[in-house]
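Engineer: Here you go, sequence then predicted model.
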Amino acid sequence: MKLVDVKLPTDHPNALVRRLFSFWAPTAQSMRGWALASVVVNAGITVTGAAVRLTGSGLGCPTWPRCTPDSFVPVAHPEISAVTMAVEFGNRLLTFLVLAVGFACVVAAMRLVPRRRSLLWLALVQPAGIVFQALWGGLVVRSLLNPFTVSVHFLVSIALIAACWTLYARAGEGDGPARRVTHRDIRRLGFVLVAAVAVLLLAGVLVTGTGPHSGDAVASRFDLDIESVVRLHSDIVYIVLGLSFALLFALHVTDSPRAARRAALALLMVELAQGVIGYIQYFLAVPALLVGLHVLGSTLVWIATLRVVTSLRTRDPLTAPATPSPTATAAKV
């Protein structure tokens with residue numbers, strides 16, 4: 001008997017096991033579940049990666065792929081703190097969790113009936129991107145935390161989150177042509193907002209690569225004026241806030257679907273909270289804890305922005321060609 005065929009109460013001990021292995025006989029709902037799990041784990045490893053830098057553990061495992069020159073796992077080393085080594089190695093281990101969830105999405109997309117090619121391609125992006133991230137992480141270590149390599153490491157994570165969210169949104173739709181649920185100009189405003197948030201994240205990595213918290217004392221920094229890049233980052237924040245408010249206002253005055261209005265309101269709330277954290281950390285000389293919360297906030301702003309844009313359109317299922325009935329066929333003959 002197939003696992004999916006067994007009808008178990010939701011409180012049955014095996015119900016959780018069945019949900020965990022739902023990719024073997026997936027439904028559209030379980031496909032979305034795995035896609036959402038992928039969003040969560042990719043966002044999580046983005047934040048833990050920042051924690052590695054903020055705790056000064058960027059070179060806790062100073063070699064790659066080994067942790068130390070003679071071991072793949074942490075071992076006592078006279079020049080490296082056991083704590084920083086554990087933090088860096090722990091983040092490396094999380095890569096395997098993210099990879100496992102990515103492969104689960106691929107298996108679910110392959111076994112979904114009927115198979116949807118669009119979902120399969122989006123799912124395949126995940127393990128490919130995670131492997132690239134792992135290899136790039138090795139370059140980050142070998143470059144002694146060069147700010148350029150560290151910045152790309154974060155931006156690739158942001159791109160992976162976008163792919164995961166797109167998979168989540170597409171799994172809840174059909175494969176028909178995209179159909180907007182709001183005015184065309186509002187949807188265009190949504191795309192402009194996505195571009196603005198992407199530029200904001202890029203400015204954020206310039207601030208990060210210029211300021212303190214490099215991850216290790218030997219790490220280099222961007223040769224930029226920190227005050228200038230902070231002002232640039234702040235100016236883009238105001239642009240993003242203005243676009244977000246304009247989008248929310250436009251959705252309300254045009255009586256757009258409730259889901260889109262709620263997504264836009266949630267985005268604005270997350271942005272305002274992120275702005276408060278940003279200003280507090282600036283006036284408190286960027287303490288590590290608040291910087292970590294700011295990285296979490298930037299990830300949430302990105303996810304909330306993607307949620308808004310995907311709520312502005314939908315796709316209907318592809319209509320199958322009508323099959324002539326036997327009576328109609330006989331009449332033609």
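Structural biologist: That came through fine. What you see is a predicted model; the values in this text were computed from it and never measured.

Engineer: So W121: helix, strand or coil?
Structural biologist: Following DSSP: H, G, I helix; E, B strand; the rest coil, the label given to W121 is helix.

Engineer: tally of neighbours for it?
Structural biologist: Neighbourhood size, W121 [other CB atoms under 10 Å]: 12. No exception for glycine: its C-beta is placed from N, CA and C like everyone else's.

Engineer: ditto for the one 3 residues further on
Structural biologist: Here the count is done by other CB under 10 Å, and L124 has 16 residues near it.

Engineer: what separates it from I161, distance-wise?
Structural biologist: 16 Å (CB to CB, to the nearest Å).

Engineer: And L145, by the same measure?
Structural biologist: For L145, the distance to I161 - CB to CB - is 22 Å.

Engineer: Also H153?
Structural biologist: Counting by CB to CB - H153 and I161 are separated by 13 Å.

Engineer: L124 against V106, yeah?
Structural biologist: Yes. Under the criterion of CB atoms under 8 Å, L124 makes contact with V106 at 5.9 Å.

Engineer: Show me which helix runs longest in this protein.
Structural biologist: For the chain, the helix with the greatest residue count under DSSP state H is helix 82-111.

Engineer: Run the chain-centre distance for it.
Structural biologist: 14 Å (CA atoms, centre = their mean, to the nearest Å).

Engineer: same question, stretch 80-100
Structural biologist: 19 Å.

Engineer: what's the answer for stretch 167-182, then?
Structural biologist: 19 Å.

Engineer: State the phi and psi torsions of R179.
Structural biologist: When read as degrees, to the nearest 10, the backbone of R179 gives phi -130, psi 120.

Engineer: In contact with it, which residues?
Structural biologist: R179 sits next to R313, T314, R315, D316 when contact means CB atoms under 8 Å, 6 or more residues apart in numbering.

Engineer: now A246
Structural biologist: L189.

Engineer: got it, and the one 10 residues further on?
Structural biologist: The neighbours of S256, taking CB under 8 Å, 6+ apart as the test, are V181, T182, H183, I186, A250.

Engineer: which stretches of the stretch 201-333 of the chain have low pLDDT?
Structural biologist: 318-333 (pLDDT under 70).

Engineer: again, only using 90
Structural biologist: 211-218, 255-257, 279, 282-283, 285-286, 313-333 (pLDDT under 90).

Engineer: domains of the protein?
Structural biologist: 21-174, 176-316 (automatic domain parsing).

Engineer: Let me see the mean pLDDT of the first one.
Structural biologist: So that's domain 21-174. For domain 21-174, the mean per-residue pLDDT is 91.

Engineer: where along the chain do the strands fall?
Structural biologist: 178-180, 313-315 (DSSP state E).

Engineer: what's the neighbour count on Y282?
Structural biologist: The burial count for Y282: 16, using other CB under 10 Å.

Engineer: surely A134 meets T95?
Structural biologist: Yes. Using CB under 8 Å, A134 makes contact with T95 at a distance of 5.5 Å.

Engineer: As JSON lines, the contacts of R179 with neighbour count would be great.
Structural biologist: Converted to JSON lines, the contacts of R179 look like this (neighbours: other CB atoms under 10 Å):
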{"residue": "R313", "neighbour count": "17"}
{"residue": "T314", "neighbour count": "17"}
{"residue": "R315", "neighbour count": "16"}
{"residue": "D316", "neighbour count": "12"}
